[in-house]
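S.K.: just to be clear, the model below is a prediction. Sequence and coordinates:
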Amino acid sequence: MVTRIHPTAIVDPRASLADDVEIGPYSIVGPDTVIGAGTRIGPHVVIGAHTRIGARNKLFQFSSIGEAPQDKKYSNEPTRLEIGDDNTIREFCTLNRGTTQDAGVTKIGNNNWIMAYVHIAHDCQVGNHTIFANNAQIAGHVHVDDHAILGGFTVVHQFCRIGAHSITAMGTILLQDLPPYIMASGNTAIPHGINSEGLRRRGFSAEAITAIKRAYKTLYKSGLSFEDARAAIAAEAGAWAEMQVLIEFLAVAGRGIIR
């Protein structure tokens with residue numbers, strides 16, 4: 001196949017496109033950008049410099065991908081945005097490049113579903129199979145682990161971590177870390193049990209879900225201090241790989257967890 005670029009699109013000669021990439025009307029692709037096989041860029045999309053986009057992605061109209069970070073310290077350093085494979089990025093999304101105050105790169109993994117008006121700021125690290133509902137906004141340096149779901153209008157403070165398989169309700173304000181498996185809502189966010197239905201859908205066994213529920217009660221219902229609860233969860237974890245995800249998350253100080 002031949003790359004299909006609409007005649008009104010502008011592609012910098014230093015960009016590298018796979019043979020079957022599609023670029024819609026009035027879109028712009030900046031220099032030193034790489035776009036992989038099967039990716040479709042809709043109309044009126046702006047892709048900044050130093051952006052790498054993998055295979056089979058779909059970018060919808062009016063998104064700004066890989067532009068300069070919204071950081072007053074940024075001084076035109078050649079930082080990057082890297083997007084993996086099989087992602088959907090809907091209308092009016094803004095995904096910014098990294099800064100030299102961090103690793104210099106914002107990363108989006110594979111198979112993510114990023115809905116309209118989502119903002120992913122500089123230096124964020126997003127895993128695989130996440131869902132960002134409309135208007136979810138994450139500030140700089142936020143880490144989002146696999147299978148996390150951010151409800152519409154969720155807002156996340158900079159440097160927060162969002163654990164695997166967690167979920168937030170619409171309008172959630174996260175000022176601290178959200179551990180794996182936890183459901184959260186509110187301004188500011190508080191925990192509301194575990195995401196048991198999501199875990200069942202992803203093939204977690206009944207025994208693993210029971211172990212996670214027990215850990216939740218230890219962390220949030222036992223009256224133990226955080227450190228004592230963390231130690232108790234580690235002692236109860238046994239050989240469950242699912243529990244190791246939680247233990248490793250809690251071992252990192254971060255901004256402290258919602259409680």
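M.R.: Received the coordinates, thanks.
S.K.: contact partners for G127?
M.R.: 109, 144-148, 164 (C-beta atoms under 8 Å, 6 or more residues apart in numbering). Placement of C-beta: from N, CA and C, glycine included.
S.K.: quick one: which of these is the most crowded by neighbours?
M.R.: With neighbours taken as other C-beta atoms under 10 Å, the top of these is V144, carrying 28 neighbours.
S.K.: before we move on, back to that, can I get the contacts of G127 in TSV with distance to V155 and pLDDT?
M.R.: Listed next are the contacts of G127 as TSV, based on distance: C-beta to C-beta, whole Å; pLDDT from 0 to 100:
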residue	distance to V155	pLDDT
G109	22	98
V144	13	98
D145	18	98
D146	21	98
H147	20	98
A148	15	98
A164	20	98
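S.K.: so which of the residues you listed are in strands?
M.R.: V144 (DSSP state E).
S.K.: mind putting the contacts of G127 into CSV with distance to G198?
M.R.: What follows is these, written out as CSV (distance: C-beta to C-beta, whole Å):
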residue, distance to G198
G109, 18
V144, 15
D145, 13
D146, 12
H147, 7
A148, 10
A164, 10
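S.K.: and the gap between R200 and S166?
M.R.: Using C-beta to C-beta, to the nearest Å, R200 is found at 15 Å from S166.
S.K.: which parts of the top helix by length along the chain are buried?
M.R.: As assigned by DSSP state H, the longest helix anywhere in the chain is helix 206-220. Buried positions in helix 206-220, judged by neighbour count with 16 or more other C-beta atoms under 10 Å: 209, 211-212, 215-216, 218-220.
S.K.: now stretch 108-116
M.R.: 108-116.
S.K.: next: stretch 34-50.
M.R.: Across stretch 34-50, burial judged by 16+ other C-beta under 10 Å covers 35-36, 38-42, 44-50.
S.K.: what two of those residues are the furthest from one another?
M.R.: Using C-beta to C-beta, the pair of the buried residues of stretch 34-50 lying farthest apart is G38 and A49, separated by 22.6 Å.
S.K.: could I get the full set of helices for this structure?
M.R.: 196-201, 206-220, 226-236, 241-250.
S.K.: so how far is the second one from its chain's centroid?
M.R.: This means helix 206-220. Here the centre of helix 206-220 is set off from its chain's centre by 25 Å, with C-alpha atoms, centre = their mean, to the nearest Å.
S.K.: that helix packs against which elements?
M.R.: strand 190-194, helix 196-201, helix 226-236, helix 241-250 (3 or more C-beta pairs under 8 Å, 6 or more residues apart in numbering; DSSP states H and E).
S.K.: just want the angle from the longest one to helix 206-220.
M.R.: Angle of helix 226-236 versus helix 206-220, following axes from the mean of the first three to the mean of the last three C-alpha atoms, to 10 degrees, is 160 degrees.
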